[in-house]
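Student: Provided below for reference: sequence and predicted model.
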Amino acid sequence: MGDALYLRPAGLVHGRDGRELAAAGLAGAAEGLPVAFTMLEVTHRCASTGERSRRWLGWRRAVERAESDAALKAALDRLTAPRAPLCGFDFSRPLVMGIVNVTPDSFSDGGRHDDPQRAIAHGRALAAAGADILDIGGESTRPGAAVVPVEEELRRVIPVIEALAAEGHVVSVDTRKAVVMERAVRAGARIVNDVSGLTFDAEAARAVAALKVPVVLMHMRGTPTDMMARAAYEDVVTEVYDELAARIDAALKAGVAEERLIIDPGLGFAKTTDDNMAILRRLTMFHGFGRPLLVGASRKRFIGEVTQVADPAGRVAGSLAVAQAAVAAGAQIVRVHDVAETARMARMVRALHA
Ligand code: PMM
């Protein structure tokens with residue numbers, strides 16, 4: 001493996017200011033990335049020693065340097081690649097993905113929607129409240145959760161997907177299993193969301209390639225059973241970045257088209273509170289893949305720890321703060337339980353950033 005280079009956009013500028021700075025060559029920008037950036041934090045990791053060095057470059061200087069630095073040029077090209085529309089969404093505004101967990105045991109809303117009819121009603125309510133995408137999952141991935149047998153997972157999610165997709169909603173299926181992906185897409189799901197980044201099921205990457213649907217590649221280590229024991233990083237942001245890069249490579253090798261990938265750093269999965277906070281503070285590095293970024297923080301334990309709220313239902317304010325920070329950092333999709341509040345927040349932020 002050669003030396004590694006990581007670019008983190010900083011000095012973010014929104015709205016008209018951002019567009020004008022980009023047009024004047026003073027800020028970087030990309031189609032489908034709703035923020036411009038005037039600075040780059042450049043981290044270089046030496047392959048032989050593992051040592052990291054960091055420096056700051058203004059956008060203009062970075063572009064000049066790239067003329068004689070092929071690695072920097074390639075990284076800048078990736079960062080500023082257009083994010084093509086997916087499922088009719090052009091990423092000109094942040095998208096709200098509403099969570100429908102059809103499970104008896106998800107950590108924050110488990111048991112509330114485990115009956116298909118109730119889950120369908122919940123999905124409709126989320127759509128009415130402003131969800132752009134409904135994410136249907138039949139297997140809890142909370143720390144320590146056990147694998148759900150395929151037949152049971154299908155029994156939970158397929159009727160819900162069929163009903164909501166038939167009503168015209170854009171549905172994603174939150175699953176790690178190829179068979180569930182295939183059946184879900186046949187039932188009308190238009191996006192696959194795999195918390196294992198297509199690593200749990202050896203058939204999953206090929207299945208997604210054949211289905212030709214967008215796929216969320218989320219970062220985690222291990223499985224929900226053992227992931228928290230694997231939350232040990234020297235530098236969490238670059239390590240998560242490298243591990244996501246490996247998932248992207250594997251997906252591409254299996255035939256998944258690059259323009260169908262959505263990237264997610266996987267908050268709470270094999271990450272401590274400090275790890276999650278470090279990722280959020282340096283979130284813009286994940287734009288370096290040149291793909292839409294999804295952030296799922298809603299009601300998670302780290303929000304409870306920081307805001308000192310034990311009951312997940314009481315973590316709305318903390319969740320909104322994180323979703324707002326993610327949107328302001330240019331994340332294209334936020335995955336949330338509290339759709340009405342998040343959709344209003346996103347609308348307000350958009351108006352402020354006009
Ligand atoms: N989090 C959970 C489940 N699925 N999918 C993606 N892409 N990103 C996430 O952060 C994510 C996910 C666990 O949270 P939940 O039990 O509240 O749904």
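Tutor: Arrived safely, thanks for sending. Residues are numbered from 1 along each chain as shown.
Student: those strands in this protein, which residues are they?
Tutor: Here the chain has its strands, by DSSP state E, at 4-13, 28-30, 33-45, 52-58, 95-101, 133-137, 170-174, 191-194, 215-218, 261-264, 294-295, 333-336.
Student: Point me to the residue of this structure nearest the ligand.
Tutor: Relative to the ligand, the nearest point of the chain is Gly296 (2.3 Å; CB to the nearest ligand atom). The C-beta positions use only the backbone N, C-alpha and C, and glycine is treated the same way.
Student: Verify the stated contact: that residue with Val334.
Tutor: Yes - between Gly296 and Val334 a contact is recorded at 7.5 Å, counting by CB atoms under 8 Å.
Student: Please enumerate the shared neighbours of those two.
Tutor: With contacts defined as CB atoms under 8 Å, 6 or more residues apart in numbering, the residues shared by Gly296 and Val334 are Met97.
Student: For Phe302, give me its contacts.
Tutor: Residues near Phe302 by CB under 8 Å, 6+ apart: 267-268, 271-273, 276-277.
Student: Next: Glu258.
Tutor: Counting by CB under 8 Å, 6+ apart, Glu258 has contacts 248, 252, 291.
Student: now those residues as TSV including distance to the ligand and pLDDT?
Tutor: Rendered in TSV, the data for the contacts of Glu258 read as follows (distance: CB to the nearest ligand atom, whole Å; pLDDT from 0 to 100):
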residue	distance to the ligand	pLDDT
Ile248	15	98
Leu252	19	98
Arg291	13	98
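Student: Could you pick out the buried ones from these?
Tutor: Buried subset of the contacts of Glu258 (neighbour count, 16 or more other CB atoms under 10 Å): 248, 291.
Student: So which of the contacts of Glu258 belong to helices?
Tutor: Taking DSSP state H as the definition of helices, those contribute 248, 252.
Student: what pLDDT, on average, does stretch 172-183 get?
Tutor: Stretch 172-183 carries an average pLDDT of 98.
Student: follow-up on the earlier one: what is the neighbour count of the residue nearest to the residue of the chain closest to the ligand when sequence neighbours are not counted?
Tutor: Leaving out its chain neighbours, the residue that sits closest to Gly296 by CB to CB, 6 or more residues apart in numbering is Arg335, at 3.8 Å. Neighbour count of Arg335, defined by other CB atoms under 10 Å: 27.
Student: cool, and Leu261?
Tutor: When counting by other CB under 10 Å, one arrives at 22 neighbours for Leu261.
Student: Correct me if wrong: Glu51 contacts Arg45.
Tutor: Yes - with contact defined as CB under 8 Å, Glu51 reaches Arg45; the gap is 7.1 Å.
Student: Now for the residue nearest to Asp194 when sequence neighbours are not counted: which residues touch it?
Tutor: Nearest non-adjacent residue to Asp194, counting by CB to CB, 6+ apart: Arg176, 5.5 Å away. By CB under 8 Å, 6+ apart, the contact set of Arg176 is 139, 194-196, 200-201, 204.
Student: Alright, that wraps it up for me.
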